[in-house]
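**Student:** predicted model, plus sequence, below.
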Amino acid sequence: GAVVSQHPSRVICKSGTSVKIECRSLDFQATTMFWYRQFPKKSLMLMATSNEGSKATYEQGVEKDKFLINHASLTLSTLTVTSAHPEDSSFYICSASQQGEAYDTEAFFGQGTRLTVV
Amino acid sequence: LAKTTQPISMDSYEGQEVNITCSHNNIATNDYITWYQQFPSQGPRFIIQGYKTKVTNEVASLFIPADRKSSTLSLPRVSLSDTAVYYCLVGRTGFQKLVFGTGTRLLVSP
């Protein structure tokens, strides 16, 4: 299957700083990527839908000014956590799909990024 | 997006067959049923996908009755490494935003 890569896999930052997480589709083009966050022993919660060349669509309750999403190319979407606070510590996961009607039944997930804000 | 309901947890022993059932009463005609496996601190990993009847691959089987309102993931002869959370998702999972349910936390013991 297709490969989605996230970087970094884990990051520790100080409170008040910003952190950027990258999500890349390595061997296919993805017009749409999704960002999720997951707290310990909880399920994945969708944060936003990232569309190449346009503004991201955020889920209710997700602050768009705090979680900046940029999808500048068909293989890269970035999530920037701005002015991070300890409560932003979580596991962030992206997913992407290949273009084309024939591929719209499977989503491929990155390995996740563990963010710890101290 | 069809809502799914799964048991929150299951316990098994090595070598046993495990069946996890998922209910999705509001599944739409175009929806597929996809199962993912997630280990701690990793992203979900695709296990199997089906539309109707039975699908089998090298790691699992998926049974879907005619009304498609439920599905059963079957893991033959589980091992300790199958301890994970298993998620059932319904829809055109490639392009739709996914709504994850609670998942089923499977614990395999020696």
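**Tutor:** Happy to help now that I have it.
**Student:** gap between the two ends of stretch B:82-102?
**Tutor:** 18 Å (Cα to Cα, to the nearest Å).
**Student:** how about stretch A:88-106?
**Tutor:** Start-to-end, stretch A:88-106 (Cα to Cα) is 29 Å.
**Student:** just stretch A:60-74 next, same as before
**Tutor:** Where stretch A:60-74 begins and where it ends lie 25 Å apart, using Cα to Cα.
**Student:** off-centre distance for it?
**Tutor:** Offset of stretch A:60-74 from its chain centre (Cα atoms, centre = their mean, to the nearest Å): 9 Å.
**Student:** also stretch B:51-68?
**Tutor:** 10 Å.
**Student:** let me know whether that stretch sits next to chain A.
**Tutor:** No. Stretch B:51-68 lies out of reach of chain A by Cβ under 8 Å from any Cβ of the partner chain, never closer than 8.7 Å. All C-beta atoms are positioned from the backbone trio N, CA, C, and that covers glycine.
**Student:** all strands of the chain, in order?
**Tutor:** Looking at chain A here, since you left the chain open. A:4-7, A:10-13, A:19-25, A:32-38, A:45-51, A:57-58, A:67-73, A:76-81, A:90-96, A:108-109, A:113-117 (DSSP state E).
**Student:** that's the wrong chain, I wanted chain B
**Tutor:** Under DSSP E, chain B gives strands at B:9-13, B:18-23, B:32-38, B:45-50, B:53-56, B:61-64, B:70-75, B:84-91, B:104-109.
**Student:** need those in TSV (columns: mean neighbour count and distance to residue A:107).
**Tutor:** Supplementary listing: those in TSV, determined by neighbours: other Cβ atoms under 10 Å in any protein chain shown; distance: least, Cβ to Cβ, whole Å:
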stretch	mean neighbour count	distance to residue A:107
strand B:9-13	14	24
strand B:18-23	18	17
strand B:32-38	23	8
strand B:45-50	18	8
strand B:53-56	13	17
strand B:61-64	19	17
strand B:70-75	20	17
strand B:84-91	24	8
strand B:104-109	17	19
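**Student:** got those as CSV, with mean pLDDT columns?
**Tutor:** Below are these laid out as CSV (pLDDT from 0 to 100):
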stretch, mean pLDDT
strand B:9-13, 98
strand B:18-23, 97
strand B:32-38, 93
strand B:45-50, 92
strand B:53-56, 95
strand B:61-64, 98
strand B:70-75, 98
strand B:84-91, 93
strand B:104-109, 98
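**Student:** many thanks, we can stop here.
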